[in-house]
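Engineer: Here is my input; please provide its structure:
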Amino acid sequence: MRPPNIVIIFTDDQGYADVGVYGAVGFETPHLDQMAAEGIRFTNFLVSSPACSPSRAALLTGSYPVRVGIPNVLFPHHNIGLAPEEITIAELLKEKGYATAVFGKWHLGHHPEHLPLSHGFDEYFGIPYSNDMTPDVSKNPNPAAQRHPPIPLVEQLEVIEIEPDQSQLTRRYTERAVDFIERNRERPFFLYLPHTMPHMPLFVSERFQDASERGLYGDVIMEIDWSVGEILGALERLGLDEQTLVLFTSDNGPWLVKGENGGSAGPFREGKGSSFEGGHRVPAIMRWPGQIPAGLVSDELVTAMDIFPTVAGIVGAELPTDRVIDGKDIWPIVSGQPGAKTPHDVFYYYWPSALRAVRSGKWKLHLPHTYNSIEGAQIATETFHGIYRQAEIGLSLFDLETDRGETTDVSAEHPEVVERLLALAEEAREELGDSLTGRTGTGVRSPAQ
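Structural biologist: Modelled structure (predicted):
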């Protein structure tokens, strides 16, 4: 029996509540809802960073972004990227005979030595960074962006278009993905589909214009849902349903400062760029007929880093022994084994290289830091970036079981919990560093190159 196909669909800035089964308002996501009905939906799925590049680095390497040298967002003027020494899911699977491809936004370095073909992918088609990283004032009126080059659309290593029509990107990525599935139906494949949307600026094809009551943002999500349907439909049509594990999730929480053009974190506080749950907790659905029981819902803490070791276990690949992999194999949870619990005793919230919070079980301890907040601020949708206000949080403890919105500090009532989490924070500073305290971690293995 051949090993299963792996498909990862990764959206950009889609909030926790921006899928129908997670509480979406003003638009519908029937294919994602059906995918959840046929598989498992996670309500406690965390990404390792509240921003693009580091979140992607963590997904593909199974390690905290600070460990692999990508703690912050990469820009076109940067000459660094994910280090060649890092091992990605694609490289892991390529060693097992998989065909590998990525169609969409890469954002882990745009020079040839950093692009997907240098990280285990056979095929690449997409843009190398975010869709607002352009000097085109119609897409990015921010004066600081004028130093950016025009956005390239890259195929393999060749720039095939400059400033592509972004309203067609979701469709074009999807068509490439379906074609890849069809061409590789007779062999195991790994398809990574990191959509450009719904990162601002928003674009949607004519077919989905005004499709939702929510406006442009809802239209964009509905087109992404259509894309999911095309992928699932191709798998069914080719008889690959029961041979394919599909994961859908987002790289971080919603860009709330964008107002009506941003998403929703639902019951969680703040969004993109924040170490509150709204920045890290995202929708996540996995489907594999015959292997994942239908209709599962899990509130166990799992992370995007867990995909790397979980996939390794599923396909029988050995994890590298010369490095720390922070993710854990969550197959017992995914497959619905009775009593399966989170394998994580602790989770660290870094942004970008500062340790801002520590989570253990239901307890989350925020360490003192300043952050950009939209709470209490007028959202200026007429400008590109909107208006944030600087906010501060002191040492604060929250019980996420009873206070998902992180509104009530209970540190005074639980000093022993605070002490335990502070000790865990010190362990993180020793291993991964902390720019807030000037610490350099001993376990940071691959500075960006």
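
Engineer: could you pull out the strands for the stretch 301-449 of the chain?
Structural biologist: 302-303, 347-350, 355-360, 363-366, 369-373, 389-393, 396-399 (DSSP state E, counting those that start in this stretch).

Engineer: Export these to a markdown table and append columns for mean neighbour count, distance to R323 and mean pLDDT.
Structural biologist: Where C-beta positions appear, they are placed from N, C-alpha and C, glycine not excepted. A markdown table is the format used below for the strands of the stretch 301-449 of the chain (neighbours: other C-beta atoms under 10 Å; distance: least, C-beta to C-beta, whole Å; pLDDT from 0 to 100):
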| stretch | mean neighbour count | distance to R323 | mean pLDDT |
| --- | --- | --- | --- |
| strand 302-303 | 26 | 17 | 98 |
| strand 347-350 | 24 | 17 | 98 |
| strand 355-360 | 23 | 21 | 98 |
| strand 363-366 | 22 | 28 | 98 |
| strand 369-373 | 17 | 29 | 88 |
| strand 389-393 | 13 | 33 | 85 |
| strand 396-399 | 20 | 33 | 98 |
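
Engineer: gap between E406 and L301?
Structural biologist: As judged by C-beta to C-beta, to the nearest Å, E406 and L301 stand 15 Å apart.

Engineer: and those two? which has more neighbours close in?
Structural biologist: L301 (25 against 22; other C-beta atoms under 10 Å).

Engineer: per the record, what domains does the chain have?
Structural biologist: By the assignment in automatic domain parsing, the chain contains the domains 5-334, 347-432.

Engineer: Give me the distance from the first one to the chain's centre.
Structural biologist: For domain 5-334, the distance between its averaged C-alpha position and the chain's averaged C-alpha position is 6 Å (C-alpha atoms, centre = their mean, to the nearest Å).

Engineer: and that domain, how far apart are its ends?
Structural biologist: End-to-end distance of domain 5-334 (C-alpha to C-alpha, to the nearest Å): 16 Å.

Engineer: Now do the contacts for the most centrally placed residue in the chain.
Structural biologist: In the chain, the centroid-proximal residue (C-alpha atoms, centre = their mean) is D251; its distance is 2.0 Å. By C-beta atoms under 8 Å, 6 or more residues apart in numbering, the contact set of D251 is 10-13, 47, 51-52, 55-56, 59, 194, 282.

Engineer: related to what we said a few turns ago, what about the strands of the stretch 301-449 of the chain, which gets the closest to V204?
Structural biologist: With C-beta to C-beta as the criterion, V204 lies closest to strand 369-373 of the strands of the stretch 301-449 of the chain, at 27.6 Å.

Engineer: Listing partners with orientation, what would you give for that closest one?
Structural biologist: strand 389-393 (antiparallel) (DSSP bridges).

Engineer: Give me the contacts around the strand it pairs with.
Structural biologist: The contact list for strand 389-393, computed with C-beta under 8 Å, 6+ apart, reads 366, 368-377.

Engineer: Nearest to G262, out of the residues you listed: which one, please.
Structural biologist: With C-beta to C-beta as the yardstick, the closest approach to G262 among those comes from I374, at 9.3 Å.

Engineer: Okay, the closest one and R359: tell me how far apart.
Structural biologist: 23 Å.

Engineer: next one: T29
Structural biologist: On the measure of C-beta to C-beta, T29 and R359 end up 28 Å apart.

Engineer: With P135 instead?
Structural biologist: 40 Å.

Engineer: okay, and the helix or strand of this protein with the least pLDDT?
Structural biologist: Lowest mean confidence among the helices and strands of the chain (mean pLDDT, DSSP states H and E): strand 389-393, at a mean of 85.

Engineer: and it, C-alpha only, in CSV?
Structural biologist: Extracted C-alpha coordinates of strand 389-393, given in CSV (Å, rounded to 0.1, in the frame of the first residue of the first chain):
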residue,chain,number,x,y,z
ARG,A,389,-2.5,52.4,19.9
GLN,A,390,0.3,51.4,22.1
ALA,A,391,-0.9,49.4,25.1
GLU,A,392,0.9,47.7,28.0
ILE,A,393,0.2,44.6,29.9
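
Engineer: now that strand and strand 355-360, what's the angle there?
Structural biologist: On the basis of axes from the mean of the first three to the mean of the last three C-alpha atoms, to 10 degrees, strand 389-393 is oriented at 50 degrees to strand 355-360.

Engineer: what distance separates strand 389-393 from the centre of its chain?
Structural biologist: Strand 389-393 sits 25 Å away from the centroid of its parent chain (C-alpha atoms, centre = their mean).

Engineer: before we move on, back to that, right, so the domains of the chain: which one is the most enclosed?
Structural biologist: Comparing those by mean neighbour count (mean count of other C-beta atoms under 10 Å), domain 5-334 ranks first with a mean of 21.

Engineer: Surely P50 is in contact with S250?
Structural biologist: No. Here P50 does not reach S250: they are 10.9 Å apart, not a contact under C-beta atoms under 8 Å.

Engineer: on that earlier part again, select, out of the domains of the chain, the one closest to G438.
Structural biologist: domain 347-432 (9.7 Å).

Engineer: Quote the end-to-end distance of the closest one.
Structural biologist: So domain 347-432: terminal residues 12 Å apart, C-alpha to C-alpha.

Engineer: go on, stretch 278-293?
Structural biologist: Per C-alpha to C-alpha, stretch 278-293 runs 28 Å from first to last residue.

Engineer: for stretch 92-99, same thing?
Structural biologist: OK, stretch 92-99 end separation, C-alpha to C-alpha: 11 Å.

Engineer: Touching it from outside, list them.
Structural biologist: Contacts of stretch 92-99 (C-beta under 8 Å, 6+ apart): 3, 6, 100, 120, 122, 180, 184, 187-190, 308, 311-312, 315-317.

Engineer: Contact partners for F208?
Structural biologist: With C-beta under 8 Å, 6+ apart, F208 has these contacts: 219-220, 222-223, 226.

Engineer: likewise F190?
Structural biologist: With C-beta under 8 Å, 6+ apart, F190 has these contacts: 5-8, 89-90, 93-94, 98-101.

Engineer: sorry, back to before: going by mean pLDDT, which of the domains of the chain comes out lowest?
Structural biologist: Of all the domains of the chain, the minimum mean pLDDT falls on domain 347-432 (a mean of 89).

Engineer: what's the longest helix belonging to the chain packed up against?
Structural biologist: Across the chain, the longest stretch assigned as helix under DSSP state H is helix 216-237. Using 3 or more C-beta pairs under 8 Å, 6 or more residues apart in numbering; DSSP states H and E, the elements in contact with helix 216-237 are strand 5-11, helix 30-37, helix 169-183, strand 189-194, strand 244-250.
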